[in-house]
Structure formats: C-alpha cells, structure tokens
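Q: coords below, sequence missing:
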C-alpha cells in the first residue's frame, strides 16, 4: 500500500471459522513509498454550534438523518439536532418516561429511535421529532443468548432497517422499525475474535450505501469492511508513520468510495482511496479550527465528515471534494484486485 506499508488481509465468510489471508495484490501496492494521488481534497468548514457559538461537547455519539439532512449528537445525556449549516435546531434530555438518551437516529416517517437508560437498564423507544416518547420498540425474533452482555450505544438507520450496535459485545442487531429482527451479526465471530471479545470491543462502526459494515478494533490496529455477501477485508498496520494506525476509532466511506478512519492517539483522520491505498491524513493536534484533539467518533454523510472530539472540542465538520478522474482510476484498480 503506497506510503503506509499497509498490510491488507482478506477473507470470505463460510460455515467454518474464518482465517484472514494476506491479499497479495494489495501487498504489492504497499511497496511504494509515496501516497497515491488524492481522489479528493478535504476542507474544514465549521464546528457544530448554537446561537451562542461553538458547542463544547465531549464523549458523544453521532448519527445522520439523510431524509432531513440533519445530524444528531448525543453527549452528556442530551440529544441535539443540527441542520446542514451546523446550527442547533432543538435538544432534549432525560425525562422519567424516556430515561436518559444514549443514542438517537431519525426514521423514515419522521419519528426518532432512541436508546435510553433508566434504572440501570437500556430500552429502545420510539419518539416524535421533539423527543416525546410514543412507546417502546419491542424486540422480537432475536436468537436466544444474542443479547447477553449487549449494551447498545449507537443507532444507524440504513436501507429501511435500524442497526442497533453494542461496541462492548461487538454485536449488531438489525431490526425493522417495529422491532422484528432482520439479522443478528456477531462481529467478534466474523473476525475470529470470539475468544478475545471481552478484551477488544469496537472503536467505530458505520453502514455503507451498499449495506457493507465498516468497523475498527483499536487494540488490533485494524479496520474491517464486511460486504453484504459476507466477504471480509481487514486492513491496517501499527505505527506512527502516515497511513498507519495507533488507536483507531470512527470509520466511514463517502459516495466516491474513499474510506476515512479516525485515530484518537494521532489526532488525525486517515484517508484511503477506493482501493484502500493511503492518500493523506488531516486534522492533527493543535489550536487552529481545523485541528483535531482525540477524534473518537465520526460519520461520513454525503460529502461531509463529522468528527467528534475529546477535551470539549465538540464536532468539526469537513467537506470532501472529489476528483472524478482520480476516483475512477482508483475504482478500476480496486476492481482489478478483486478479480
């Protein structure tokens, strides 16, 4: 992999335990010492703000409501929604009927799905757009034992389905809006990490437009892409050099196929082209508006990247401007490797 020495391993899901194999074609790409030509440029836009200025948020979960082009941020037990200009529109927090919000996402009909905690237990609640509870979302059809140790802290609505994600148990429950199970995914099993589940956990998770799962395992310095057909691609190598991983967290892919991975220790977001060749890093620790401090949560929505930070630095918003010619060449390279 150019510029990073990035080792990429691939595997396909089957009835037998998976084994991650080195993808020779990608390993050849790693011999070059330079980053690939940029398939896109990334520019800082602004921070999510209220009428009083930039919001000093910390330890948050983000979600994107594509139907309304709005971003939800849950931090400190308060859920806030922002418009496409980055301004806060509304917020809600704890109430006895709901509990304390932990994650929020918009549904197709304009309602919200909310993970809330009350009396030490989590619940999934349907609310109206203002956060007023309309009733519990009752789960059905979930395999016995799947919810053992399941503590959801992230919600994603994609393809008409609600993805309920537990970072600690490394599981994803996919349900329809009524609560009926569609699929139950154990990411620890998918990556041959079932025996290490308690020591690992996820650093980030997202669902791509084609239904692929993208996620990171920080302590293994690795990012994964799981396609709807079950193919698993794993990439990443420990190191402080550009393109290498230290403590990876959020991950997402834009419409052009570029993959972005946040690294909380390097305080950067690392960009890879559609063939997973390293392109560039941006952010870096500092005091400028475009700098990042401990990026730990990230969503990629349309042409924008929302990066949640530590140290009360809030959410930075970046814009991706694609170079169509370079992106097309990268997709062609990816297709050749997959053959």
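A: In hand now; what should we look at? Keep in mind that this is a model prediction, so the values were computed, not measured. Numbering: from 1, shown residues only.
Q: is it true that residue 321 touches residue 40?
A: Yes: using CB atoms under 8 Å, residue 321 makes contact with residue 40 at a distance of 5.9 Å. All C-beta spots, glycine's among them, are computed from the backbone N, C-alpha and C.
Q: In terms of neighbours, single out the busier of these two.
A: Neighbour count, other CB atoms under 10 Å: between residue 321 and residue 40, residue 40 has more, with 22 against 11.
Q: Look at that one and report its pLDDT.
A: pLDDT, residue 40: 73.
Q: Pretty sure it sits against residue 322.
A: Yes: applying CB under 8 Å as the test, residue 40 and residue 322 come out as touching, 4.5 Å apart.
Q: who touches both of those two?
A: 254, 256, 258 (CB atoms under 8 Å, 6 or more residues apart in numbering).
Q: quick one: contacts for residue 55?
A: Contacts of residue 55 (CB under 8 Å, 6+ apart): 47-49, 80, 88, 314-315.
Q: just residue 86 next, same as before
A: 45-49, 317.
Q: From those, pick the one nearest residue 147.
A: Residue 147 lies nearest to residue 48 out of the contacts of residue 86, by CB to CB, at 32.7 Å.
Q: can you pull the pLDDT of the nearest residue to that closest one once chain neighbours are set aside?
A: Taking CB to CB, 6 or more residues apart in numbering, and ignoring the residues beside it in sequence, residue 48 has residue 315 as its nearest neighbour in space, at 4.2 Å. For residue 315, the model assigns a pLDDT of 98.
Q: Confirm for me that residue 315 is in contact with residue 46.
A: No: Residue 315 lies out of contact with residue 46 (CB under 8 Å); the separation is 9.6 Å.
Q: More neighbours: which of the two?
A: Using other CB under 10 Å, the more surrounded residue of residue 315 and residue 46 is residue 315, with 27 against 15.
Q: Distance of the more buried one relative to residue 61?
A: Distance from residue 315 to residue 61, counting by CB to CB, to the nearest Å: 11 Å.
Q: where do the contact lists of the two overlap?
A: By CB under 8 Å, 6+ apart, the residues touching both residue 315 and residue 61 are 73, 308.
Q: Find the nearest non-adjacent residue to residue 298, please.
A: Nearest to residue 298 is residue 250, by CB to CB, 6+ apart, at 2.8 Å.
Q: What helices and strands are in contact with the helix or strand harbouring the one you found?
A: In this assignment (DSSP states H and E), residue 250 forms part of strand 248-253. Applying 3 or more CB pairs under 8 Å, 6 or more residues apart in numbering; DSSP states H and E, one finds that strand 248-253 contacts strand 204-207, strand 213-217, strand 222-226, strand 259-263, strand 297-301, strand 304-308.
Q: same thing but at 6 Å, please
A: strand 204-207, strand 213-217, strand 259-263, strand 297-301 (3 or more CB pairs under 6 Å, 6 or more residues apart in numbering; DSSP states H and E).
Q: how far out from the middle of the chain is the third one?
A: Distance of strand 259-263 from the chain centroid (CA atoms, centre = their mean, to the nearest Å) equals 9 Å.
Q: Let me know the average pLDDT across it.
A: The model assigns strand 259-263 a mean pLDDT of 97.
Q: so where do the helices sit in the chain?
A: 24-29, 187-190, 324-338 (DSSP state H).
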